[in-house]
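Engineer: Predicted model follows, preceded by the sequence.
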Amino acid sequence: MNVARSFNNWRKYRQTVSELGRMSNRELHDLGIDRADIRNVAKAATAL
C-alpha cells in the first residue's frame, strides 16, 4: 500500500512540474509562482 501511495505521489509531482513548466513566465507570475519555485510548489501539492 505504501509503495502504491508513493508511486501516485511521484506521478502527481511529475505531472504538476510538467504542467507548470509548460506555462509562460507571465502565466506563472499571474499565479504568483516563480519558475525557480516550480519544484517546491509541486512538492507542496503532493503533500496534501
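Structural biologist: Alright, I've got the coordinates. What you are looking at is a predicted structure, and each value in this text was computed from that prediction instead of being measured.
Engineer: Quick one: neighbours of the nearest residue to residue 43 once chain neighbours are set aside, just the number.
Structural biologist: In space, and not counting its chain neighbours, residue 43 is closest to residue 13: 6.5 Å by C-beta to C-beta, 6 or more residues apart in numbering. Any C-beta I mention is one placed from the backbone N, CA and C, and that applies to glycine too. Other residues within reach of residue 13 by the criterion other C-beta atoms under 10 Å amount to 17.
Engineer: got the buried residues for the helix or strand where residue 13 lies?
Structural biologist: The secondary structure element spanning residue 13 is helix 2-22 (assigned by DSSP states H and E). Taking 16 or more other C-beta atoms under 10 Å as the basis for neighbour counts, the residues of helix 2-22 that come out buried are 13, 16-17, 20.
Engineer: who touches stretch 4-14?
Structural biologist: Contact with stretch 4-14 is made by 42-43, 45-46, as judged by C-beta atoms under 8 Å, 6 or more residues apart in numbering.
Engineer: before we move on, the earlier item: any idea how far the residue nearest to residue 43 is from residue 34?
Structural biologist: From residue 13 across to residue 34, the span is 18 Å (C-beta to C-beta, to the nearest Å).
Engineer: likewise residue 44?
Structural biologist: According to C-beta to C-beta, residue 44 stands 14 Å off from residue 34.
Engineer: Spatially nearest residue to the residue nearest the centre of the chain (excluding sequence neighbours)?
Structural biologist: Taking C-alpha atoms, centre = their mean, the centroid of the chain lies closest to residue 42, which sits 2.4 Å from it. The shortest distance from residue 42 to any non-neighbouring residue, by C-beta to C-beta, 6+ apart, is to residue 16 (3.9 Å).
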